[in-house]
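Novice: no letters, just coordinates:
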């Protein structure tokens with residue numbers, strides 16, 4: 001098998017623009033694992049949370065002679081220095097639960113701390129992470145990828161798209177996590193439709209996420225080209 005990088009995301013939406021024109025491995029789809037191949041990389045999304053990300057990494061390593069794991073997808077900003085719609089690469093990833101720290105092979109000279117938590121972070125939690133860890137970003141999966149990279153002697157990078165600013169919060173997002181760590185978009189849309197007070201925030205989150213993912217896919221294409 002050729003040596004490739006493995007790009008690991010949580011949701012299929014987070015990789016859709018990168019894998020457009022390819023088909024997911026049909027055998028893995030039964031288990032909610034979306035594995036695609038693009039030139040120079042295997043790209044996998046298997047759901048939110050550490051357990052699902054572990055399945056994604058295992059699938060990638062079974063499919064290719066992987067040399068580097070790249071954690072990617074949407075993340076929240078913890079400080080005003082990062083705005084929704086931007087892309088940032090972490091230089092250090094910290095597990096908020098265990099305190100473990102993982103340095104990355106970041107190509108950027110600018111320090112950027114990403115903290116992984118077990119739930120979607122609201123405004124108060126973002127502020128706490130910024131104060132406790134000097135965090136710039138928060139996500140739910142990066143340390144699981146980092147831990148697996150370390151265990152297997154692989155390189156590790158974390159490139160994230162900022163979906164929400166440090167002062168943005170949309171309540172109850174966590175309740176829409178479904179089977180296989182998916183996001184129940186239909187249920188969320190119905191919940192929001194019945195609450196007019198949430199329409200503006202939901203629309204903003206959608207716009208900012210789409211803009212961020214477009215920039216993210218461009219950054220990932222450049223990363224793949226750089227690694228080839």
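Specialist: On my side now, so go ahead. As the structure is a prediction and not an experimental result, all values here were calculated from the model.

Novice: ranges for the helices of the chain?
Specialist: Assigned by DSSP state H, the chain shows helices spanning 26-29, 50-63, 123-133, 142-151, 185-193, 199-227.

Novice: right, so those: which one is the most enclosed?
Specialist: Greatest average neighbour count among the helices of the chain goes to helix 142-151 (a mean of 23), per mean count of other CB atoms under 10 Å. (C-beta placed from N, C-alpha, C; glycine too.)

Novice: got the contact list for residue 210?
Specialist: Shown in contact with residue 210 (CB atoms under 8 Å, 6 or more residues apart in numbering): no residues.

Novice: from residue 103, how far out is it?
Specialist: Residue 210 sits 31 Å away from residue 103, going by CB to CB, to the nearest Å.

Novice: rewinding a little: hey, least reliable of the helices of the chain by pLDDT?
Specialist: Lowest mean pLDDT of the helices of the chain: helix 185-193, a mean of 55.

Novice: spit out the contact partners of the spatially most central residue of the chain.
Specialist: What sits nearest the mean C-alpha location of the chain, by CA atoms, centre = their mean, is residue 73, with 2.7 Å. Contacts for residue 73 (CB under 8 Å, 6+ apart) come out as 9-11, 14, 45, 139, 141, 160-161, 216.

Novice: beta partners for it?
Specialist: Bridge pairing for residue 73 (DSSP bridges) gives the partners residue 160.

Novice: mind pulling up the pLDDT for it?
Specialist: What the model reports for residue 73 is a pLDDT of 95.

Novice: thinking again about what came up before, and the helices of the chain: which comes nearest residue 89?
Specialist: Closest to residue 89 of those is helix 199-227 (CB to CB; 8.0 Å).

Novice: now do that closest one: distance to the chain's middle.
Specialist: Mean C-alpha position of helix 199-227 versus that of the full chain (CA atoms, centre = their mean, to the nearest Å) differs by 11 Å.

Novice: thinking again about what came up before, a markdown table please, covering the helices of the chain and showing distance to residue 113.
Specialist: Listed next are the helices of the chain as a markdown table, based on distance: least, CB to CB, whole Å:
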| stretch | distance to residue 113 |
| --- | --- |
| helix 26-29 | 33 |
| helix 50-63 | 19 |
| helix 123-133 | 6 |
| helix 142-151 | 11 |
| helix 185-193 | 29 |
| helix 199-227 | 19 |
